[in-house]
Every structure is written in C-alpha cells, then in structure tokens.
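# I would like to see how this sequence folds:
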Amino acid sequence: MLRSLLTRATAPAVCAGLLWTAAPAHAVVPAAAPAHATTLAHSASPAPARPVASSVWADRATSTYRALQGHLYQGTDAHGLYLEHTPRQAADPEHSYLWPLREAAQAAVDMQELPKTGASYRRDATERFDTVELYHSSGPRPGYASYLPAPLGTGGDIYYDDNAVVALSQLDQYEATGDRRLLERAEQVVPVVARAWDDDATKPCPGGMDWYDSPGNNIRATNVTALSAQLAARLYEHTRDRTYLAKAEQWYGWVYSCMRKAPGLYVNDRGDDGTTNETLWTYNSGAMIGTAVALYRGTGDTGYLDKAVEDARGSLAYWSEGSRLHDQPAVFNAFYFKDLLDLDAVRPDPAYLKVMSGYADSTYRSNRDASTGLFRFQPSGGGDFDPEAPAATLNQSAMVQIFATLADATHEHRRPS
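Below you'll find the model as predicted:
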C-alpha cells in the first residue's frame, strides 16, 4: 500500500507506487494505479534457490545492518532517529516518518536472533522501541502519529496500519525479551485500531477498517483490518483475553469474506462508494496467512490452519510467476515471507523457505550497491536496481529483516531432525 509523502493535511495525497516519497506507512494506492511496467535486465522471476548457508545469511544481514546504521541512522544525539533517504531528498523531513522507523526497529529485533552474535544487538533493539515512543500522540484520540509530534516535529495523522505494525513489532520484542512493557504497549494499540472499525450497515459489504483517523477517510483497507486481526489474535495467545479473540475473528472474517479475490489474494481496499481497488500486495497475502496461523495456535481450530495453507499455496502460485515477486516492494515481501515461515512452523512445507531464499539471494546480487552495502530499487520500492535512486531506511531495513530471518531459519538448531 504505497503512500505518498504526507502534507499533514487532513486528507493525504495518494500516489501510486512512489516509495521515494512514501513516508508515513504502508500505503493504499488508488484503484487506477498502474501495474509495474519496468522490464529491465532483472525483471524476471528470482533465480532458482541455491543452497546458502546460515552463516552466509548472517554475514549478509550484518553487512546490510551496518550500512543501515552507517548511512541512515542519525545517532543518539538525534534521539536515535533515522533519515528517510540517503542522499536526503528535497521533500524529506528532518527525520524519517514512523513507518521506516518501525522497520528499523523490526530489523534490530530480527538481528537479535542471529546465531552466535544476536545478543550484541539487544541494546540497539531496546533503543529503537524507546525512539518509537517519540511518535506517540496523546489526547482524546491517541495513537502513533505518522510523523513526530512537537517538540521534535510538526505531527501527522494517525494511520491505523502504522499502529498495527508498531504493535506487532512490540509483540515480537516482548517474545524475544520477556519485557512486559512491550506487551502492555501492544495491548494499548488495540483500542486505537478498534476505532477504525466502520459499523455503518448501509455501506457495501458492511464493516472493515478505515485507513486513517480523519472524517475525510473514504476507504476501508485490507491491510489495516488484516494486520489488526493479526495483532488481536497474537494478543489472545499471550493473554487468553477472549475480547481479543472476538475482535480477531471479526476482523479476519471481514477480510476473508469481503476482500478475497482468490486463495491467498486479497484486494487492497473497498471505497465507501462501492468501488473496489483490485491492487494486490504480498503483505496482504501474508497478513491473512499470519492471522489464520495465530488463530489456529490460539484456538486449536484446524479450520484456520486449513485456510492458512490454502492461502499460502494460492499466493505462492501467483507471486512466484514471472517477475511478480521481484516487482513487489521489498518491505512487503519481508512481511509475506515471515508469515509463510510462521505457517511453516506448524505445517512444514519446504516451498516457503525455497521461495524466500531465492528472492533474497537474487536481490542481494542484483539490487545491492557493493560500494556502500545499500540496496536500491525502483520508485515502487521493488523491481530492478536503479543507480539514481536514493537508498531508503524502509528498504534497507526490509533486507536486514529478510537476511536475519533466513540466518535463523536455516541454522541447524532450527532444522527438523
């Protein structure tokens, strides 16, 4: 869901596929968004997966993380914040928007899981979550704002997808450390995203969640609803609070019944006027797989597991065709791959790791600037290497996550005996 640069007006300008200026979060593109049209040298399906050792993935994660920190991290003197791009673009704010920072935080979480060296990243991960709190806006409608509130910034709208993914990272960090403050913060996000639920029964396919907190919002988005469902389902696993289970089932059920185009493929959003944006993204596929897996783990209902498997197989068949996976934004693929591996943990299928490894190896070879260690993509955030493109905290963090996750997933202690 590629979002254009926020102008901090009540209704943002939405621009199809421009992640150079995509600041606040996962964006929802308009229904008329053009398909990826790039047909350059690497616009083909990823090379067949070749065996790559866990230690190689760990080395790639480490070098990619060092490039992130060396070129985009602004340091403790700048409150632990990041740049949006390097080189800085004319329209960039002083610091990154919330969504790139969330991805940098998630990168640090994943680096903690590296075999042998993971413990050395714990301090970084702790700092990232302290920095995320700088984006929290209080008041009668609290939540994490798309940009830093005063005194560090001018503030921004509250996007519900931003809030859901921040809370999912907080849960990941809670699971990694046992720090209950992270669990409590994730729980505090549920009332925020619950505000997004549209209870107007007169609208086509009633229900679903608004994209952002404004009277001007006129779409109900798959990403917000599915990611919020995933959050509620995972919170139910930890707390056994049936309020979370009820929300997870309601929110998941709306996406499954109203937005599912085919197994594993979910359209992007539904307008209040009855129109439907048919755009497909990998991480919408992933969020529904991840939610179904969490609901299965929490309830033992094999019906959810069956749905997750069906969606995984259907989405893989679609996204593995031609250049589709290559052309998707790298950050969306990071979500998707992790959700597939979440399913793999309860219903193993070597296809999931094979596709992830093939994409990661191909992208390392085709999109990395060897002189800096920075990854460069098309303006969409995916596709072929563009030497003129600025490197982005968003994309660099996504590649750290993919490599670190693979290092952990392929380590011998994780392999089934």
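
# Please count neighbours and contacts with C-alpha atoms only from this point.
Noted.

# mind checking pLDDT for residue 26?
Residue-level confidence at residue 26 comes out at 46, pLDDT.

# excluding its backbone neighbours, what's nearest the spatially most central residue of the chain?
Centroid-nearest residue in the chain, with C-alpha atoms, centre = their mean: residue 335, separated by 4.8 Å. Spatially, and ignoring its direct neighbours in sequence, residue 335 is nearest to residue 283 (5.4 Å; C-alpha to C-alpha, 6 or more residues apart in numbering).

# distance of the one you found from residue 267?
11 Å (C-alpha to C-alpha, to the nearest Å).

# give me the element the residue nearest to residue 335 is part of.
Taking DSSP states H and E as the criterion, residue 283 maps to helix 282-299.

# roughly how far out does that helix sit from the chain middle?
Counting by C-alpha atoms, centre = their mean, to the nearest Å, helix 282-299 is centred 14 Å from the centre of its parent chain.

# can you check stretch 216-232 too?
Per C-alpha atoms, centre = their mean, the centroid offset for stretch 216-232 relative to its chain is 13 Å.

# any idea of the angle whichever helix or strand comes after the helix holding residue 283 forms with helix 282-299?
As assigned by DSSP H and E, the chain's next helix or strand after helix 282-299 is helix 302-319. For helix 302-319 and helix 282-299, the angle between their directions (axes from the mean of the first three to the mean of the last three C-alpha atoms, to 10 degrees) works out to 160 degrees.

# now could you export just the CA positions of helix 302-319 as CSV?
Written as CSV, here are the backbone C-alpha positions of helix 302-319 (Å, rounded to 0.1, in the frame of the first residue of the first chain):
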residue,chain,number,x,y,z
THR,A,302,-7.9,-26.7,12.4
GLY,A,303,-10.2,-24.8,10.1
TYR,A,304,-7.9,-21.8,10.4
LEU,A,305,-4.9,-23.9,9.7
ASP,A,306,-6.6,-25.2,6.5
LYS,A,307,-7.3,-21.6,5.4
ALA,A,308,-3.7,-20.6,6.0
VAL,A,309,-2.4,-23.5,4.0
GLU,A,310,-4.8,-22.8,1.1
ASP,A,311,-3.9,-19.1,1.1
ALA,A,312,-0.2,-19.9,1.2
ARG,A,313,-0.4,-22.3,-1.7
GLY,A,314,-2.6,-19.9,-3.8
SER,A,315,-0.5,-16.9,-3.1
LEU,A,316,2.8,-18.7,-3.8
ALA,A,317,1.5,-19.9,-7.1
TYR,A,318,0.6,-16.3,-8.1
TRP,A,319,3.5,-14.4,-6.7
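
# Which positions within that helix qualify as buried?
Within helix 302-319, the residues scored as buried using 16 or more other C-alpha atoms under 10 Å are 304-305, 307-316, 318-319.

# In JSON lines: the residues you listed, plus pLDDT and distance to residue 372.
Converted to JSON lines, the buried residues of helix 302-319 look like this (pLDDT from 0 to 100; distance: C-alpha to C-alpha, whole Å):
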{"residue": "304", "pLDDT": "98", "distance to residue 372": "44"}
{"residue": "305", "pLDDT": "98", "distance to residue 372": "42"}
{"residue": "307", "pLDDT": "98", "distance to residue 372": "42"}
{"residue": "308", "pLDDT": "99", "distance to residue 372": "39"}
{"residue": "309", "pLDDT": "98", "distance to residue 372": "39"}
{"residue": "310", "pLDDT": "98", "distance to residue 372": "41"}
{"residue": "311", "pLDDT": "99", "distance to residue 372": "38"}
{"residue": "312", "pLDDT": "98", "distance to residue 372": "35"}
{"residue": "313", "pLDDT": "98", "distance to residue 372": "37"}
{"residue": "314", "pLDDT": "98", "distance to residue 372": "37"}
{"residue": "315", "pLDDT": "98", "distance to residue 372": "34"}
{"residue": "316", "pLDDT": "98", "distance to residue 372": "32"}
{"residue": "318", "pLDDT": "98", "distance to residue 372": "34"}
{"residue": "319", "pLDDT": "98", "distance to residue 372": "30"}
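
# now the strands for the stretch 101-250 of the chain?
For the stretch 101-250 of the chain, the strands defined by DSSP state E, counting those that start in this stretch occupy 136-137, 143-144, 219-221.

# list the helices and strands the last one packs on?
Going back to what we said before, that points to strand 219-221. strand 269-271 (3 or more C-alpha pairs under 8 Å, 6 or more residues apart in numbering; DSSP states H and E).
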